[in-house]
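**Q** have a look; sequence and predicted model below, questions after that.
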Amino acid sequence: MPEQALTNATGHKLEGEIAVVRELTMEDKILDYEKVLVTKLSGEVKEALRKLNVSESIILGITTIELAELIPDTNTGRLRKIESLPFQTR
């Protein structure tokens, strides 16, 4: 698979290969067949994650978090459960 890249919110560029995870569990929600970027994180990125007291082995994007019916609560620094909105087609 070709190399892919993304730039995170702090401006760090991450490069790697796309992989598909069969099952990803966030809180009590199971997500099937989620795409992930397999990459080696630099020491600088790992240190930034450690300072935030979060895992240095995985970074989840906001769309993945929203699929699990969660949103980041900036007041508490934690994820908050939301009610999902059903989509209707005509």
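**A** Received, thanks.
**Q** from now on I want contacts and neighbour counts done on CA atoms only, so please keep to that.
**A** Fine.
**Q** which residues of this structure score low on pLDDT?
**A** For the chain, the stretches with pLDDT under 70 are 1-2, 84-90.
**Q** one more time with 90, if that's ok
**A** Across the chain, the ranges flagged by pLDDT under 90 are 1-21, 24-29, 34-50, 52-69, 71-72, 74, 76-79, 82-90.
**Q** and the residue positioned nearest the centre of it, what element?
**A** Taking Cα atoms, centre = their mean, the centroid of the chain lies closest to Leu60, which sits 0.9 Å from it. Per DSSP states H and E, Leu60 falls between elements, in no helix or strand.
**Q** same thing with Ile65?
**A** helix 62-67.
**Q** equivalent analysis for Gly11, please.
**A** Following DSSP H and E, there is no helix or strand that holds Gly11.
**Q** so how far is Gly77 from it?
**A** The gap separating Gly11 from Gly77 is 20 Å, by Cα to Cα, to the nearest Å.
**Q** who's in contact with the longest helix along the chain?
**A** In the chain, assigned by DSSP state H, the helix with the most residues is helix 43-51. Helix 43-51 has contacts (Cα atoms under 8 Å, 6 or more residues apart in numbering) with 12, 55-56.
**Q** burial measure for the nearest residue to Leu70 once chain neighbours are set aside, as a count.
**A** The spatial neighbour of Leu70 that comes closest, neighbours along the chain excluded (Cα to Cα, 6 or more residues apart in numbering), is Lys81 at 4.5 Å. Lys81 has 14 neighbouring residues, counting by other Cα atoms under 10 Å.
**Q** and if you look at Thr7?
**A** By other Cα under 10 Å, the residues close to Thr7 number 10.
**Q** which residues touch the nearest residue to it once chain neighbours are set aside?
**A** Distances taken as Cα to Cα, 6+ apart put Lys13 closest to Thr7, at 4.3 Å, once the chain neighbours are dropped. Residues near Lys13 by Cα under 8 Å, 6+ apart: 5-7.
**Q** show me where this protein has its strands.
**A** In the chain, the strands defined using DSSP state E lie at 4-7, 13-26, 29-38, 70-73, 78-81.
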